[in-house]
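**Q** Turn this into a model:
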Amino acid sequence: MSKVKEDYTARHLSVLEGLEAVRKRPGMYIGSTDSRGLMHCAWEIIDNSVDEATEGFASEISITLYPDSSVEITDNGRGIPVDEVPGTGASGVEVVYTKLHAGGKFGGGSYSASGGLHGVGASVVNALSQRLDVAVNRNGKTHEISFRRGEAGVFTDKNPADPQPDAPFKPFTDSSELRITGKVARKKTGTRVRYWYDPQIFPKDTEFSYSQLIERVREKAFLVPGLKITVRDERKLPDTPGADGPVTEEFKYDGGVVDFVDHIATDPAVTATMRLVGQGSFTETVQVLDQKTGHLASQDVERVCDVDIALRWGNGYDVREESFVNIVATPKGGTHIAGFEAGLTKVIRALIDTRSRQLKVTARDPKIEKDDILAGMTAVISVRFPEPQFEGQTKEILGTAPIRQIVSKVVETELNRILQSNKRDQKTETNRLLHKVVAEMRARVAARTQKEISRRKNALETSTLPAKLADCRAEDIDRTELFIVEGDSALGTAKLARNSEFQALLPIRGKILNVQKASATDILKNQEVSSIIQVVGAGSGRTFDVDAARYGKVIFMTDADVDGAHIRTLLLTLFFRYMRPLVEAGRVYAAVPPLHRIEVAGTGRRKGYYIYTYSDEELQRELGKLERAGKTYKQPIQRYKGLGEMDADQLAETTMDPAHRSLRRISMEDEDSLRLAEETFELLMGSEVAPRREFIIEGAGAISREQIDA
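**A** The predicted model follows:
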């Protein structure tokens, strides 16, 4: 190995001063330099304003996205201190925005608990900005200062009302100046920050995500009851709510974490939303600045942690946990989530053990796992305490160890109090919850067994798939298709119509079980449902593995009548509830068989031919074309009521041949469509009869007798 240089001395070492380190390694402070990092910069400034609101000093925050890629955050809090910081010769505003690890959140009494802890957030944003302007209202005056890439100075704008990031800039040399630019009412205080991200750090086409901003702002409004946050987007970007002009949204909630859970929960409730509130204390050794010596000294301090949790269970199996520390989201969890789940698991296991006879749980049953308990749960976990320890500047994981035990104890105490209440309604809810957990345990075991036996077998293995399955020969997921066919009569025709190389057929007898209302035990006992899950081969519920599915497409092929539509709806309910990832991947379809066949008479030597139509409107259009062309057709027009009425050639040509057929893809594009699907399935297929009856009565007026195809 060759040596590049043999000498290595002190002159090869570099010392990065001030904010140079941030610009050299931005990913260390904001995670990345793509849109995620850009949004993280915005969170740092927004969280400073939210901290003011959390302490009760601010009631309003406004955020504006400008067309020139700048963002402005304004609050009516106390305003950053404008007096000189002892020993620095600079104002508090300049120190906050130019010095790493400087701020009012190091235990000096300004904040009892805050999201900004490291004192680097504001200065990091400043270092990574082409321009940053700060205006502070304090003491009846407006104080302003500007920075360019972290350096204080003055911009000379042609139009002060329209500041530009590339305007001429003159840095301060001898001393900095915090300019007084106006007067305000003495009681009016607050901070306004506007910054332009630096294209030397971020790609030029990077944009603030409006949807992420709205989601985060809504979280803050839920977590700080009474706080009003206004977001205005003036960018007119395509595919955003403000594409056609400036748009403003306002958020203010008074219900806290309970309202938060009710907002994000999508499935019908098994329990009401429960709130668990408590606190605990712990002692830790910290470094405190000694005012006499000016140096840090070790000191034991007692911390108080406030815990505020809201949770509920629904009849689905998806889990959603939103966690926060001092109003800052921790998407990757940490010790507070570990404590929450540990306390939850301990309480539910103990309750099931004490009621094992009622729940029919025996010693032979496997142990209840955490996933069984979490299934269908929506929870918001919020803790507040001074100076939490995060893993990294991005604050995604809480690392303060004692919080685990505090949260676990609060959950045990409060959840036991609620679930063991003697109130009739609560006893009913607790019973429903425990039955759900036990059913999840049994479904997990059954699904694991099904998954093991339903994998595609190779030539050396014996097949355990249902005998009625007419499988295909190909194994290429990109080509294979599974047709779920209504009835044995249609199966015979479909066998002749299919391409057996890549098209498989599974007949179902009549209408399958409505899984929206059925228990997990009934679902597993149902032969038709069990066969479908087994043939798809990817498990069910939480254990469903879309990559293990045996077919690239699953196609419902039912008759074009009311019963066929009902069967298709039952199949959709099954796939939505227990094989949803397949729907989300866009791999579930409905076949579109024709409704009519027009037999056109031949003329001269030309033979007659057939025209297939798929709606009454299309039928009338085709008949009109034939009449205008002077062509005759056989009367009456054939109306297909079932797949069995077509011969194999007709079924292949119209419904199964990829070259000619039409398929309807079943899709869920976003969270709104998911919520709508949840509500629709619960309305049409759920246990509550009254809402369904009202839906039918309300829609009956829109249907005329002529529209009923009977």
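**Q** contact partners of stretch 132-145?
**A** Stretch 132-145 is contacted by residues 78-82, 91, 93-94, 97, 125-126, 146-147, 152, 163, 176-186, 188-196 when judged by CB atoms under 8 Å, 6 or more residues apart in numbering. For glycine as for every other residue, the C-beta is placed from the backbone atoms N, C-alpha and C.
**Q** export that stretch as PDB, just CAs?
**A** Extracted in PDB, the C-alpha atoms of stretch 132-145 (Å, rounded to 0.1, in the frame of the first residue of the first chain):
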ATOM      1  CA  LEU A 132     -32.400  35.800   8.000                       C
ATOM      2  CA  ASP A 133     -34.300  38.800   9.500                       C
ATOM      3  CA  VAL A 134     -35.400  39.000  13.100                       C
ATOM      4  CA  ALA A 135     -37.800  41.600  14.500                       C
ATOM      5  CA  VAL A 136     -38.600  41.700  18.200                       C
ATOM      6  CA  ASN A 137     -41.300  43.800  19.900                       C
ATOM      7  CA  ARG A 138     -40.300  44.700  23.500                       C
ATOM      8  CA  ASN A 139     -40.400  47.700  25.800                       C
ATOM      9  CA  GLY A 140     -42.700  49.600  23.300                       C
ATOM     10  CA  LYS A 141     -40.200  49.400  20.500                       C
ATOM     11  CA  THR A 142     -39.500  47.200  17.400                       C
ATOM     12  CA  HIS A 143     -35.900  45.900  17.300                       C
ATOM     13  CA  GLU A 144     -34.500  44.400  14.100                       C
ATOM     14  CA  ILE A 145     -31.300  42.700  13.000                       C
END
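**Q** still on that earlier bit, could you turn the buried ones of the contacts of stretch 132-145 into a PyMOL selection?
**A** Of the contacts of stretch 132-145, the buried ones go into a single PyMOL selection, burial set by 16 or more other CB atoms under 10 Å:
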select buried, resi 78+79+80+81+82+91+93+94+97+125+126+146+147+152+163+176+178+189+190+191+192+193+194+195+196
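**Q** Mark which of the contacts of stretch 132-145 are part of strands, please.
**A** 146-147, 152, 179-183, 190-196 (DSSP state E).
**Q** for the record, mean pLDDT for the top strand by length along the chain?
**A** When the chain is parsed with DSSP E, its longest strand is strand 296-313. Mean pLDDT, strand 296-313: 90.
**Q** got the buried residues for that strand?
**A** 303, 305-313.
**Q** Need the residues you listed in CSV (columns: distance to G334).
**A** Output for the buried residues of strand 296-313, formatted as CSV (distance: CB to CB, whole Å):
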residue, distance to G334
R303, 16
C305, 13
D306, 16
V307, 14
D308, 16
I309, 15
A310, 19
L311, 18
R312, 22
W313, 23
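**Q** Out of these, the closest to A269 would be?
**A** Closest approach to A269 among the buried residues of strand 296-313 (CB to CB): R312, at 6.0 Å.
**Q** can you give me the helices for the stretch 1-150 of the chain?
**A** 20-24, 27-30, 35-54, 92-98, 121-127 (DSSP state H, counting those that start in this stretch).
**Q** For the longest one, what does the pLDDT average out to?
**A** Per-residue pLDDT over helix 35-54 has a mean of 89.
**Q** now swap in stretch 123-140 and tell me
**A** pLDDT averaged over stretch 123-140 gives 93.
**Q** May I see the buried residues of that stretch?
**A** 123-138.
**Q** can you redo the helices of the stretch 1-150 of the chain as a markdown table with distance to T543?
**A** Below are the helices of the stretch 1-150 of the chain laid out as a markdown table (distance: least, CB to CB, whole Å):
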| stretch | distance to T543 |
| --- | --- |
| helix 20-24 | 45 |
| helix 27-30 | 36 |
| helix 35-54 | 31 |
| helix 92-98 | 51 |
| helix 121-127 | 41 |
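**Q** Could you identify which of these is most buried?
**A** Most buried of these, by mean neighbour count (mean count of other CB atoms under 10 Å): helix 121-127, with a mean of 26.
**Q** Show me what it packs onto, helices and strands only.
**A** In terms of contacts (3 or more CB pairs under 8 Å, 6 or more residues apart in numbering; DSSP states H and E), helix 121-127 is packed against helix 20-24, helix 35-54, helix 92-98, strand 190-197.
**Q** Nearest residue to T655 in space, please, no chain neighbours.
**A** Excluding its sequence neighbours, the residue lying closest to T655 (CB to CB, 6 or more residues apart in numbering) is P593, at 4.7 Å.
**Q** That neighbour in helix, strand or coil?
**A** Secondary structure state of P593, per DSSP: H, G, I helix; E, B strand; the rest coil, is coil.
**Q** all numbers from here: first residue = 880
**A** Will do, 880 is the new start, and the previous item becomes P1472.
**Q** quick check, nearest of the ones in strands among the contacts of stretch 1011-1024 to A921?
**A** Using CB to CB, these come closest to A921 at Y1074, 9.1 Å.
**Q** beta partners of the closest one?
**A** On the basis of DSSP bridges, Y1074 is bridged to V950, L1011.
**Q** Tell me how far it lies from Y945.
**A** 11 Å (CB to CB, to the nearest Å).
**Q** before we move on, what about L1230?
**A** Taken as CB to CB, the span from L1230 to Y945 is 55 Å.
**Q** mind listing the strands for the stretch 1230-1379 of the chain?
**A** Counting by DSSP state E, counting those that start in this stretch, the stretch 1230-1379 of the chain has strands at residues 1256-1263, 1360-1365.
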